[in-house]
Each structure stands twice: as C-alpha cells, then as structure tokens.
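predicted model and sequence follow; I will ask about them next.
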Amino acid sequence: MVIKHLPNKNLFQACRFKYRGIATSSNTPVLRFAPSPTGQLHLGGLRTALFNHLFARSLGGKWILRIEDTDQKRLVPGAVEAMQDILKWAGLDYDEGPDKPGNRGPYVQSERLHLYKGYYERLLRSGHAYRDFREPSKDGSSDIARDTYLPPGEDEAQEMIHKGKSFVVRFKTKEEDTSFDDAVYGHLKFPYDRRLEDPIIVKSDGWPTYHLANVVDDTEMGITHVFRGEEWLPSMPTHLKLYEALATAPPQFVHLPLLINPDGSKLSKRDAVVHVESYREAGYDPEALINFVALMGFNWHLPDSRSEVFSMEEMIAQFKLDRISQSRASPDVSKLRFLNKSHFSAKVEAASETDRIR
C-alpha cells in the first residue's frame, strides 16, 4: 500500500451521488453504520456511528443502521437490541434501521439472502466468478493452486451440485494494481499480489462473505459514503474490483484511524474498558462520552477557541471530512472525567437558569 498524495478533501463534501439501488439528489449523503451482532458495542464502533451521524446531519443527509450477521456462528443473542439501546442512550438517532423501516430495507443481512444470490449468479454468468469444488486443506486454503485449477463448465457444475458436491463461489480477481482516493488517507495504491487466492464471496453453506454482502448492500441502499476503521483498507482491492465487475459506482470511502492502547497496541474488544456499556454502568453522562470519542482522531480546535467541551449541535456545525486525522488515538479516561464534570456542570447551570426565569 502506497500513499502518493493527499487530495483536497473538501471536494468530497459536495459531489453528485447516484447508485444502482437508489438515486440520491445532489448534496444528499446517505451513510450506514453496519455493526456485527457478535458482542457489545465498543468505543471505536461508537465513534464510527457518531461520525456517520455528524456528517449526515451537517449536510442534511441520512444514516442507516444495518446489521451484518452473515457470520452466524459468532452471533450473540440480544446483541442487536443492546446496540440499538446504546445508540438511543447516546443520542445517535439513525434515520432507518430494523426498528425504523424505510425504503432501503431489510436492514439485517440474514433477511437479504435473495439479493446476494441474484448478484453472485450475475457474476457467474458474466465470468467474473466461478464455483470452486476443490477440497480445502487444513489451513483453509485449497489443495490445488489457482493457476492450475480449471473450474467446471455450467453443465458439469450442475451435475456435481446434483450429486451433492459442495462448493464455494470465488471472485475472479482482475490481475492489475488498484488505486483510489480515500477521504482521510489520500491516494492509495495497492500492487497486485499474485500469491493471493481469488477471494471467496459465497461460502459452502450458501451464505455470502463480508466482501459480497457489503458491496451489494451499499449498492442497493444507495450508500454514498462509507465510514469504517483503517483495518479494512486491505480489503479495498477486492471491493473496488467487485464494484467494477458489477458496473456500479463505489461510495466515497472514509477510513478512520484505529483506537489504540497507550503503548501503541490495538485495543482488545474483549477488554471491558472499550465497551460502551461499561461507561454507562459507571454513571458517565452520554453527552460527555460522545464528546470523548469525538476528540479521538479529529481536530476540533478552532483558531478562536481552545475548548474541548462540545455539544452535539456544535459538533454537527463544525464537522468536516478534512479535519479527520490520520493519527491513531488512545482513550484517556482522565479526559473523560474532565468532560463528564464539565457537561454535568453545564446541565446544573442550565437548570438553575431555568428555575431563575420561572
């Protein structure tokens, strides 16, 4: 991955958005927050949801809650409801979702399987994908190298399926470098790696992998901007080539820097300190916690102000893509305590002023 230059990110603030699923008018962004219900919502996820909210509200757009549950083995019962409850507590009111139906549903991937089937069959017909009947080895890879594997023709494949032979569907990767402009990291180039196998887009159980489901859903829902963690950058070549194969425009990608520990190591989702619920249980004010995550990886400092205490309305008014930092951030609980005290004091003062007027 090579960063060549940083484009003018203000260009991404006002462009025309049109996608295969739903056409959107000029300057009307549509975003999505797409967590997997495999556990509790963590600070990084809360920040992603917040940035979706701030960007959408700042430009009069919409953001959607989409549940990505294709990894059925890792589902945690009650996780979806818990996430919805946390978002409501935090004041992040998405416009559409499982409990707020609109014209972009269903909002849970397990309810969208018919869409994925239509798309992967389309890729099979166009020659951009193929059925792989090879037996996987112990490490999950195939015993026969990609360069030597000849997938069966349609008639032979149907005969093998009729006999109960299992298969996965692989995307036939175009053998060329990939480059794109990220709103945070600028122009990125990914050299083609011949050592990698063609990615699986449909598993042997018939369920799509993240790659296919993600591209199909963003296309069908008319998503214009995708906010997600920088850990997804290596997936960009596959995703962009899928968009190309499907002849549909990709959204603008906004990759956010990771949240890390003070020693530079990645925060573990298994650590209670990263779970939003633990802060709610400890009695922290939701506005203070939102203010806290907003400070991580974003430059809020204006020339005429050094304050780090912001209301939701102030953050919406100031949010711009070109102020998202490339630098990774580490949660500082002492900062959260300061913000909690400041927001609490402001509420007490506001209540006192209201009583005085009465």
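Cool, the structure landed. Remember, predicted model here, so these are calculated numbers, not experimental data.

any chance you could map the helices in this protein?
Along the chain, the stretches classed as helices by DSSP state H are 43-58, 79-89, 113-126, 154-162, 210-220, 236-245, 276-281, 286-294, 312-318, 333-357.

I'd like the ones you listed as JSON lines, with mean neighbour count appended.
Quick note: C-beta positions are derived from backbone N, CA and C, even for glycine. Shown next, in JSON lines, are these (neighbours: other C-beta atoms under 10 Å):
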{"stretch": "helix 43-58", "mean neighbour count": "24"}
{"stretch": "helix 79-89", "mean neighbour count": "18"}
{"stretch": "helix 113-126", "mean neighbour count": "16"}
{"stretch": "helix 154-162", "mean neighbour count": "12"}
{"stretch": "helix 210-220", "mean neighbour count": "23"}
{"stretch": "helix 236-245", "mean neighbour count": "20"}
{"stretch": "helix 276-281", "mean neighbour count": "18"}
{"stretch": "helix 286-294", "mean neighbour count": "23"}
{"stretch": "helix 312-318", "mean neighbour count": "15"}
{"stretch": "helix 333-357", "mean neighbour count": "13"}
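
now the ones you listed in TSV, with mean pLDDT?
Converted to TSV, the helices of the chain look like this (pLDDT from 0 to 100):
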stretch	mean pLDDT
helix 43-58	97
helix 79-89	97
helix 113-126	97
helix 154-162	94
helix 210-220	97
helix 236-245	97
helix 276-281	96
helix 286-294	97
helix 312-318	94
helix 333-357	83
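
residue 262: which of these is closest?
helix 333-357 (10.8 Å; C-beta to C-beta).

distance check, residue 29 against residue 236.
Here the criterion is C-beta to C-beta, to the nearest Å. By it, residue 29 lies 20 Å from residue 236.

what do you get for residue 211?
With distances taken as C-beta to C-beta, residue 211 is found 11 Å from residue 236.

cool, and residue 134?
Residue 134 is 27 Å from residue 236, by C-beta to C-beta.

go ahead and flag the most central residue of the chain.
Nearest residue to the geometric centre of the chain (C-alpha atoms, centre = their mean): residue 228, 3.9 Å.

so that residue sits right up against residue 255, yeah?
Yes. Residue 228 is within contact range of residue 255, at 6.3 Å (criterion: C-beta atoms under 8 Å).

excluding chain neighbours, what is closest to residue 287?
Spatial nearest neighbour of residue 287, excluding adjacent residues (C-beta to C-beta, 6 or more residues apart in numbering): residue 343 at 5.0 Å.

quick one, what contacts the one you found?
285, 287-288, 291, 309 (C-beta atoms under 8 Å, 6 or more residues apart in numbering).

now do 6 Å
285, 287-288 (C-beta atoms under 6 Å, 6 or more residues apart in numbering).

then residue 55?
residue 319.

all further residue positions should be reported with the first residue as 48.
Sure, I'll start counting at 48 from here, so that last one is residue 102.

can you tell me how far it is from residue 112?
15 Å.

same question, residue 381
Residue 381 sits 32 Å away from residue 112, going by C-beta to C-beta.

dump the contacts of residue 390 into CSV; add distance to residue 360 as well.
Below are the contacts of residue 390 laid out as CSV (distance: C-beta to C-beta, whole Å):
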residue, distance to residue 360
332, 16
334, 11
335, 15
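
now do the same for the residue lying closest to residue 151 once chain neighbours are set aside: its pLDDT.
Distances taken as C-beta to C-beta, 6+ apart put residue 268 closest to residue 151, at 4.5 Å, once the chain neighbours are dropped. Here the pLDDT value assigned to residue 268 is 97.
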